[in-house]
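Asker: Provided below are the primary sequence and the corresponding predicted coordinates.
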Amino acid sequence: MTDQRTRPADSALWPAPTAPGRIEATVTVPGSKSVTNRALVLAALSSEPGWLRRPLRSRDTLLMAGALRAMGVEIEETVSSASAGTPEAGARATGEAWRVIPAPLRGPATVDVGNAGTVMRFLPPLAALATGPVRFDGDPRSYERPLHGVIDALRALGARVEDEGRGALPMTVHGSGSLAGGQVEIDASSSSQFVSALLLSGPGFNNGVEVRHTGRTLPSMPHIRMTVEMLRAAGARVDAPEDGGSANVWRVTPGALLGRDLTIEPDLSNAQPFLAAALVTGGSVTVPDWPEHTTQPGDALREIFTAMGGSCVLDERGLTLTGSGRIHGIDIDLGEVGELTPGIAAVAALAEGESVLRGVGHLRLHETDRLAALAKEINGLGGDVTETEDGLRIRPRPLRGGVFHTYDDHRLATAGAVLGLAVRGVEVENVATTGKTLPDFPALWTDMLGVPAGARA
Ligand SMILES: O=C(O)C1=C[C@@H](OP(=O)(O)O)[C@@H](O)[C@H](O)C1
Ligand SMILES: C=C(OP(=O)(O)O)C(=O)O
């Protein structure tokens with residue numbers, strides 16, 4: 001099932017602009033997808049209304065909001081008078097705020113997850129607390145993305161889930177208004193979101209939840225830390241391994257959550273293509289409101305892009321990345337920050353030396369098979385990229401123009417735009433797919449480049 005109103009349908013070719021020279025720009029990046037969607041879930045579980053200020057308004061977050069509304073939660077959207085009615089109103093409205101008014105969760109309801117990992121994984125545990133059936137469906141790709149960790153865990157914790165033996169979408173959670181909860185073992189090596197999903201609804205389970213990860217590897221640890229920090233900020237008691245507990249075990253105590261007034265940080269992973277533009281052109285890009293402390297994996301870009309030849313300053317203006325005109329190859333394990341891989345691969349393809357990106361085998365089950373897609377598309381422009389068991393080996397070659405296919409993957413589209421800065425004639429297919437997390441991408445990109453409105457693609 002796909003809601004055509006939220007599904008980007010445009011598969012036209014977008015001529016990626018080449019950089020006119022060194023890029024000097026300040027780019028205000030919209031709110032974090034991961035923070036916005038966690039904040040929505042926690043606000044829905046709270047015992048009192050709360051506010052999200054500067055939320056991300058994108059396909060993934062609108063799907064989350066729509067799903068919560070379908071289960072009875074009220075979400076009022078307000079835009080401050082300073083930005084309402086201006087061309088900037090919408091995704092770029094700095095005055096936007098959502099008021100979330102929790103209510104007893106109820107079915108029957110239908111949830112369109114699109115291709116949002118956060119929606120397909122974070123909401124089934126919440127649905128187990130609703131009264132009535134909640135049906136989950138989404139884009140064809142969502143059927144292929146791992147969900148077994150959530151489904152099996154919910155059953156072990158006392159929920160009834162009907163999935164016709166698939167261990168995947170589509171499926172129905174038959175909520176009975178409460179869930180026993182307790183201890184559960186899962187293998188979250190294919191997605192950290194299994195752990196986050198169970199922890200986020202844990203305060204609402206009768207016995208809370210204790211999650212033990214039994215797999216060999218666990219990707220995206222910063223995202224699990226984000227879950228723990230946001231739960232605690234909402235008043236939950238959480239024991240996590242980094243506080244001296246057992247490795248790979250998290251415990252959430254049952255209890256009421258507070259309504260918060262939360263300003264959402266900019267999405268640091270979505271800042272990546274803009275910072276990459278500074279690196280690739282030897283210019284300088286500032287992203288305002290870069291948090292001093294954050295659990296977002298995108299914060300690692302400071303270190304990664306420094307190792308690749310840039311330099312970073314974090315001050316009252318935000319984060320400024322300045323390129324040196326040289327791009328170094330890198331050998332790095334990206335397991336903690338997997339969602340940065342497509343953007344790093346694009347920069348690596350333009351570097352002076354070889355790169356090896358490791359620890360990201362689970363990206364084969366992201367929006368698309370990102371390892372296969374990156375290898376195929378960069379090679380399609382004349383590159384030399386090979387897939388390894390858990391990543392990519394990238395040997396820079398002189399690249400030529402051509403179509404960069406994106407496979408409904410927002411981060412493939414932004415990676416194509418980064419390549420286009422340095423390679424004439426790159427055409428990004430379906431750039432509208434960036435709407436998953438950054439609907440304004442083409443406008444932000446051309447603004448950054450200083451391309452006059454009339455000359456835009
Ligand atoms: O919890 C989150 O908000 C996310 C966790 C990560 O998922 P995986 O652990 O499945 O890679 C990340 O890639 C995704 O973009 C967002
Ligand atoms: C993997 C990603 O998304 P999702 O939340 O759908 O897993 C991503 O944004 O890179």
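Answerer: Structure received. Ligands and ions are numbered 1, 2, ... in the order given.

Asker: Which residue would be the closest one in the stretch 1-150 of the chain to ligand 1?
Answerer: Ser34 (3.2 Å; C-beta to the nearest ligand atom). All C-beta atoms are positioned from the backbone trio N, CA, C, and that covers glycine.

Asker: quick one: that residue and Ile224 touch, right?
Answerer: No - look at Ser34 against Ile224 with C-beta atoms under 8 Å: they stay out of range, at 10.9 Å.

Asker: Have a look at the two and say which one is more surrounded.
Answerer: For Ser34 versus Ile224, the count of surrounding residues by other C-beta atoms under 10 Å is larger for Ser34: 31 against 25.

Asker: What distance do you get for that one to ligand 2?
Answerer: 7 Å (C-beta to the nearest ligand atom, to the nearest Å).

Asker: and the stretch 351-457 of the chain, which of its residues are near ligand 2?
Answerer: When proximity is defined as C-beta under 6 Å from any ligand atom, the stretch 351-457 of the chain approaches ligand 2 at His366, Glu367, Arg411, Thr437.

Asker: Confirm for me that the third one is in contact with Gly343.
Answerer: Yes - with contacts defined as C-beta under 8 Å, Arg411 counts as touching Gly343 at a distance of 6.7 Å.

Asker: what's the residue of the stretch 101-250 of the chain found nearest ligand 2 in contact with, if anything?
Answerer: For the stretch 101-250 of the chain, the residue closest to ligand 2 is Gly117, as judged by C-beta to the nearest ligand atom, at 2.5 Å. Gly117 makes contact with Arg145, Ser191, Gln193, His366, according to C-beta atoms under 8 Å, 6 or more residues apart in numbering.

Asker: Specify the local secondary structure of the second one.
Answerer: This points to Ser191. Counting by DSSP: H, G, I helix; E, B strand; the rest coil, the backbone at Ser191 sits in coil.

Asker: Find the nearest non-adjacent residue to it, please.
Answerer: Using C-beta to C-beta, 6 or more residues apart in numbering and skipping residues adjacent in sequence, the residue nearest Ser191 is Pro146, 5.6 Å away.

Asker: Isn't that neighbour up against Ser189?
Answerer: No - applying C-beta under 8 Å as the test, Pro146 and Ser189 come out as separate, 9.4 Å apart.

Asker: The two: which is more packed in?
Answerer: Pro146 (21 against 18).

Asker: Ramachandran angles for that one?
Answerer: Dihedral pair for Pro146: phi -60, psi 130, per degrees, to the nearest 10.

Asker: Contact residues of this structure facing ligand 2?
Answerer: Residues of the chain lying near ligand 2 (C-beta under 6 Å from any ligand atom): Ala116, Gly117, Thr118, Glu339, His366, Glu367, Arg411, Thr437.

Asker: picking up where we left off before, which one of Arg411 and Gly343 has more residues nearby?
Answerer: Remark: of Arg411 and Gly343, Arg411 carries more neighbours, 31 against 26, as counted by other C-beta under 10 Å.

Asker: Kindly confirm my reading that the more buried one is in a helix.
Answerer: Yes - Arg411: assigned to a helix according to three-state DSSP.

Asker: tell me the contacts of it?
Answerer: Counting by C-beta under 8 Å, 6+ apart, Arg411 has contacts Glu339, Thr341, Pro342, Gly343, Glu367, Arg370.

Asker: With distance to ligand 1 and pLDDT as added columns, please give these in CSV.
Answerer: Shown next, in CSV, are those (distance: C-beta to the nearest ligand atom, whole Å; pLDDT from 0 to 100):
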residue, distance to ligand 1, pLDDT
Glu339, 4, 98
Thr341, 9, 98
Pro342, 11, 98
Gly343, 12, 98
Glu367, 9, 96
Arg370, 10, 98
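
Asker: and of these, the nearest to ligand 2?
Answerer: Out of the contacts of Arg411, the member with the shortest distance to ligand 2 (by C-beta to the nearest ligand atom) is Glu339, at 3.6 Å.
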